[in-house]
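> no sequence on this one, just coordinates:
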């Protein structure tokens, strides 16, 4: 539809150029006045088509904006639903005994103690027994 308006406006522009040339070529008088009237008529048609085309552009813009807003609202609704589901799952997870902060801290302390004991055992096992430094392994 827009192309149709653009094509008509382009044709009217070509007619206007011809009418302007005719006005320039004719001497003042009835012939020039007739050429001016024809040019004015063509110019009015052109303005009408431009107005209709612009109105069509505005309508299309409004439709695009409504479509964008509708899609945006759908996306927002999906996001909110996902957030609600995640919140519910997190609340359930935090109520679990597995995520008790005191139990976790206690477990970390126990692990640190066991690591210390393990290091002490490894240190004890790695001690050498009065082996002379000049002992030849062969």
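The structure has been received and is ready for your questions. Because the structure is predicted, anything quoted here is derived from the model rather than measured. Numbering: from 1, shown residues only.

> any chance you could map the helices in the chain?
2-25, 30-95, 101-125 (DSSP state H).

> TSV please, covering these and showing mean pLDDT and mean neighbour count.
From N, CA and C alone the C-beta is placed, and that goes for glycine too. Formatted as TSV, those follow (pLDDT from 0 to 100; neighbours: other CB atoms under 10 Å):
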stretch	mean pLDDT	mean neighbour count
helix 2-25	88	14
helix 30-95	93	12
helix 101-125	93	10
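
> what separates stretch 76-96 from the chain centre, distance-wise?
Relative to its parent chain, stretch 76-96 has a centroid offset of 24 Å by CA atoms, centre = their mean, to the nearest Å.

> Apologies, that question was intended for stretch 70-87.
The answer for stretch 70-87 is 16 Å, by CA atoms, centre = their mean.

> Equivalent analysis for stretch 62-71, please.
Worked out by CA atoms, centre = their mean, stretch 62-71 lies 15 Å from the chain centre.

> same check, this time on stretch 120-129
62 Å.

> That stretch: end-to-end distance?
Stretch 120-129 has its terminal residues 17 Å apart, counting by CA to CA, to the nearest Å.

> Excluding sequence neighbours, find me the nearest residue to residue 93.
residue 99 (6.1 Å; CB to CB, 6 or more residues apart in numbering).

> close enough to count as contact, the one you found and residue 92?
No: using CB atoms under 8 Å as the test, residue 99 is too far from residue 92 to be in contact (10.2 Å).

> re the thing from before, and the residue nearest to residue 93, how far is that from residue 88?
Taking CB to CB, to the nearest Å as the measure, residue 99 falls 15 Å from residue 88.

> and the residue nearest to residue 93, how many residues sit next to it?
The local packing of residue 99 (other CB atoms under 10 Å) involves 11 other residues.

> Look at it and report its pLDDT.
Residue 99 carries a pLDDT score of 82 in this model.

> Give me the contacts around stretch 99-106.
Stretch 99-106 has contacts (CB atoms under 8 Å, 6 or more residues apart in numbering) with 93, 97.

> Actually, stretch 21-34.
The set of residues external to stretch 21-34 that reach it, using CB under 8 Å, 6+ apart, is 35, 36, 39.
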